[in-house]
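Q: I would like the atomic coordinates for the input below:
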Amino acid sequence: MTGAGAPRPVRLWWARLPGDPPRLRRLLDPVETARYEATTDPADRQRFLVGCALSRLVLGRILGLPAARVPLRRVCPRCGGPHGKPALDPAADPPGGLRFSVSHSGPTVGLAVCRGADIGLDVERADDPPDVDLVAPHILSAAELAVLRGLVPADRAGALLRYWTRKEAVLKALGIGLRLPPRRLEVSPPGEPARIERWQDRPGRVAELRLADLVVAEGHPAAVCVTGGAQPAITEEDAHALLSAVD
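A: Numbers count the residues shown, from 1 in each chain. Sure thing, here's the model as predicted:
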């Protein structure tokens with residue numbers, strides 16, 4: 001059993017958008033198909049498709065189910081609509097504890113899976129940096145802003161993305177999204193190992209949350225967060241082989 005002192009095994013898959021093949025669309029359930037068809041932007045539609053297909057293929061392999069039959073739920077905790085954080089129907093995984101998180105940015109789609117802990121994954125594009133002066137005050141605390149402004153201008157966009165991926169991974173792990181202000185969650189400076197320093201809105205949860213930085217192809221920053229107090233031990237696996245094998 002994984003305890004607070006032992007690393008938490010995390011399996012990670014990264015995929016690149018392969019186009020929009022009909023073979024992947026056959027894996028979607030009716031709720032996913034409706035959302036796919038309602039998405040008008042072609043790139044967003046492809047990212048959603050690949051995220052759904054990869055989730056189904058990986059979870060199906062773990063559970064011994066055909067990908068199209070993996071029972072996923074997407075229930076919004078606020079309105080009950082079918083657009084919340086995806087999760088397995090508990091009946092499909094009797095021992096419990098199988099959790100996953102999907103993230104995508106640009107042509108990159110990621111999936112992280114673990115047992116026994118909630119998990120959040122975030123990836124951002126390094127080749128499309130944000131407007132630092134506009135975005136940073138909405139994301140960073142006063143202390144984090146001071147660190148950012150102490151950097152040379154050329155390093156600030158990359159540092160802001162590193163801050164953001166860490167915070168977004170935490171918020172996704174807990175299923176909170178942006179309902180709580182990110183600037184009230186403080187993480188370590190980008191040049192230091194990823195960790196949570198303090199969280200004004202959830203002070204009691206800081207001790208159980210663990211972060212790890214990731215780097216994807218082309219230098220895109222990413223981060224993963226797990227609950228339970230154990231540091232994630234990450235193993236990367238081959239997403240391309242899974243997606244290419246779909247008939």
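
Q: what kind of secondary structure is Leu178 in?
A: coil (DSSP: H, G, I helix; E, B strand; the rest coil).

Q: now for it, how many residues are close by?
A: When neighbours are counted by other C-beta atoms under 10 Å, Leu178 registers 10. In this view, the C-beta of every residue, glycine as well, is placed from N, C-alpha and C.

Q: show me how the record splits this structure into domains.
A: Here the domain parsing of the chain from automatic domain parsing is 1-115+230-247, 118-228.

Q: worst average pLDDT in those?
A: Mean pLDDT is lowest for domain 1-115+230-247 out of the domains of the chain, coming in at a mean of 88.

Q: mind checking how far Pro71 is from Asp238?
A: 25 Å (C-beta to C-beta, to the nearest Å).

Q: buried ones in the helix or strand harbouring Leu160, by neighbour count?
A: In this structure, Leu160 sits in helix 153-173 according to DSSP states H and E. Neighbour-count burial for helix 153-173 flags 156-173 (criterion: 16 or more other C-beta atoms under 10 Å).

Q: quick one, what contacts Pro7?
A: 230-233 (C-beta atoms under 8 Å, 6 or more residues apart in numbering).

Q: if you set the cut-off to 6 Å instead, what comes out?
A: Applying C-beta atoms under 6 Å, 6 or more residues apart in numbering to Pro7 gives the contacts 230-231, 233.

Q: which of those are buried?
A: The buried subset of the contacts of Pro7 (16+ other C-beta under 10 Å) comprises 230-231.

Q: any chance you could map the helices in the protein?
A: Per DSSP state H, the chain carries helices over the ranges 22-25, 30-38, 42-63, 132-139, 142-149, 153-173, 239-244.
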